[in-house]
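S.K.: okay, predicted coordinates and the sequence, questions at the end:
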Amino acid sequence: MYGGELIHQTSDSYGSIEVIDYQSIIRSMHFGNKTQQSASLLCNPFFLVHKYSQAMLLPLCWQRPSRVLVFGLGSGSIVKYLYNYFQDISIDAIELRKKVIDIASQYFCLPDQDDRLTINTDSVYDWLNKNDISEKYDLIIVDVFLTSKSGKDITVDISEHIDKVSELLTDKGVIVFNQLGSDYHLYPGFDAILKKFENHLYSIDIKSVNSILIATKDNIPDKIEDSIFEDMQSNYSLPCREYFDDLTPVRR
């Protein structure tokens, strides 16, 4: 199935969920189609396999967050990474599908919840409506997709809540959005994001497979020291230099 070995399959009201192993090297989560929603190295579950997930953590080069909010858990790749490498970070994750959370725990080494990690089973909309905005985050990751009955991946539109999401940021906070495909203009609510973060919005093209949008409340540094890139590569397995070099301002 999908060119690999089917390890587990289940479904919920939103569709199918599969766990696939590829040559006993990579384990991936699928939502009823060939797209890898997220993936993990079996020998190192904390390594970020996909380039888009690496790029989404580029802001770690210029800020070290104390609180992170993640919309869309999947197999928990980014949550696991942050939890493992940064012991002083507190993480809140929002995931609509309870079975996705269960599978991430059972098959992808998602850490148990504790005082550093909270996972909420909720929609982004409901969580935002219930959340006390006195809680602020230094980094917000938005990586929320559903799969239609036809098998097409659909980015969940949170544009009506962009003001609320922005209010959840600290003064130097950053929001990172993942878009399928190379055209970030197609991201749902792109115009609302650009209006909210005009002159503080940037993009990264990930080999025409994904586009990453990075919205900031403060300026991104014009230059980052080589020693920081070297540290991120050697100690955190993040090739940040290539993503920083591809960072492009988004203008009207």
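M.R.: That came through fine.

S.K.: going forward, measure contacts and count neighbours with C-alpha atoms only.
M.R.: Noted.

S.K.: who are the contact partners of the nearest residue to Phe31 once chain neighbours are set aside?
M.R.: Take Phe31 and drop its neighbours on the chain: the residue closest to it by C-alpha to C-alpha, 6 or more residues apart in numbering is Ile17, 4.7 Å away. When contacts are counted by C-alpha atoms under 8 Å, 6 or more residues apart in numbering, Ile17 is found next to 9-11, 29-32, 100.

S.K.: can you list the low-confidence ranges for the stretch 1-150 of the chain?
M.R.: By pLDDT under 70, the weakly predicted segments of the stretch 1-150 of the chain are 133.

S.K.: all strands of it, in order?
M.R.: Shown for the stretch 1-150 of the chain, the strands assigned by DSSP state E, counting those that start in this stretch span residues 5-12, 15-22, 26-30, 38-41, 67-71, 90-95, 117-121, 137-142, 145-147.

S.K.: please name the strands paired to the fifth one in the sheet, noting orientation.
M.R.: Same thing as strand 67-71. In the sheet, strand 67-71 lines up against strand 90-95 (parallel), strand 137-142 (parallel) (DSSP bridges).

S.K.: can I get that strand in CSV? Just the C-alpha atoms.
M.R.: Once side chains and other backbone atoms are set aside, the C-alpha atoms of strand 67-71 remain, and they are given as CSV (Å, rounded to 0.1, in the frame of the first residue of the first chain):
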residue,chain,number,x,y,z
ARG,A,67,6.0,28.7,24.8
VAL,A,68,4.9,27.1,21.5
LEU,A,69,1.4,26.5,20.1
VAL,A,70,0.9,23.9,17.4
PHE,A,71,-2.3,23.7,15.3
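
S.K.: next, the angle strand 117-121 makes with it.
M.R.: Relative orientation of strand 67-71 versus strand 117-121 (axes from the mean of the first three to the mean of the last three C-alpha atoms, to 10 degrees): 30 degrees.

S.K.: who touches strand 67-71?
M.R.: By C-alpha under 8 Å, 6+ apart, strand 67-71 touches 79, 89-95, 124, 136-144.

S.K.: go again with 6 Å.
M.R.: Strand 67-71 has contacts (C-alpha atoms under 6 Å, 6 or more residues apart in numbering) with 89-94, 137-143.

S.K.: pLDDT wise, what is the spatially closest residue to Asp205 that is not a sequence neighbour at?
M.R.: The shortest distance from Asp205 to any residue that is not its chain neighbour, by C-alpha to C-alpha, 6+ apart, is 4.8 Å, and that residue is Ser211. What the model reports as pLDDT for Ser211 is 93.

S.K.: could you pull out the buried residues of stretch 126-133?
M.R.: Judged by neighbour count (16 or more other C-alpha atoms under 10 Å), stretch 126-133 contains these buried residues: 127-128.

S.K.: can I get that stretch as CSV, trimmed to CA atoms?
M.R.: What follows is stretch 126-133 as a C-alpha-only set of coordinates in CSV (Å, rounded to 0.1, in the frame of the first residue of the first chain):
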residue,chain,number,x,y,z
ASP,A,126,-13.5,25.9,18.9
TRP,A,127,-10.2,26.1,20.8
LEU,A,128,-9.6,29.7,19.7
ASN,A,129,-13.1,30.6,20.8
LYS,A,130,-12.6,29.1,24.2
ASN,A,131,-9.0,30.2,24.8
ASP,A,132,-8.1,32.9,27.2
ILE,A,133,-5.9,35.3,25.1
